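Colleague: Turn this into a structure:
(one chain, ligands or ions: 1)
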Amino acid sequence: MERCPICRARLKSDPVCPRCGSDLSQVLSSAAKALALRDQALLLVAQGETASALRLLQHSLLLKRDPMLVALQNFLLDKQLRQAVSAFKQQGYTEALSMTKQVLDIKKLPLALALQEMLFDKLNGAVQELDFSEN
Ligand SMILES: [Zn+2]
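Modeller: Reported below is the predicted structural model:
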């Protein structure tokens, strides 16, 4: 953080603003935490761990807004949704549902909502078939 978010004065290493006297230690520590989470998320992206990366990115973005990270998040949401569709096609409904729910927790994408509906139908159908075969 280069400037005080309250009065825009240039900051030095001191967490107290030299102009308005605001104690910025909390703000600075959440900014540092956001950066640490972002770095961990980027490592997970590189390892192909989309679901875990999305969790850390979401946390990082709650602490500090960053347009680049929002773009990365959108990219990963799209990737996660494609993986959910692919799991759906291979009848991995439970897996597809958990991936879809994660997407929906972050963003209410219409495709994710539609996929969730279809998955509920499939999973309810499976439960009814089980009940039927037992009778
Ligand atoms: Zn200030």
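
Colleague: List the buried residues of the helix or strand that contains residue 29.
Modeller: Taking DSSP states H and E as the criterion, residue 29 maps to helix 25-46. By neighbour count on 16 or more other CB atoms under 10 Å, the buried set for helix 25-46 is 27, 34, 37, 38, 40, 41, 42, 44, 45. All C-beta atoms are positioned from the backbone trio N, CA, C, and that covers glycine.

Colleague: can I get those in CSV with distance to the ion?
Modeller: As requested, those are arranged in CSV below (distance: CB to the ion, whole Å):
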residue, distance to the ion
27, 11
34, 20
37, 26
38, 25
40, 31
41, 30
42, 31
44, 36
45, 35
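
Colleague: for the chain, what spans make up the strands?
Modeller: For the chain, applying DSSP state E gives no strands.

Colleague: Spell out which residues of it are next to the ion.
Modeller: Taking CB under 5 Å from the ion, the part of the chain that reaches the ion is made up of 4, 6, 7, 9, 17, 19, 20, 22.

Colleague: change it to 8 Å
Modeller: 4-9, 11, 17-22, 24 (CB under 8 Å from the ion).

Colleague: how deep is the closest residue to residue 96 other than its chain neighbours tucked in, by neighbour count?
Modeller: Excluding the flanking residues, the one nearest residue 96 by CB to CB, 6 or more residues apart in numbering is residue 87, at 3.9 Å. When counting by other CB atoms under 10 Å, one arrives at 19 neighbours for residue 87.
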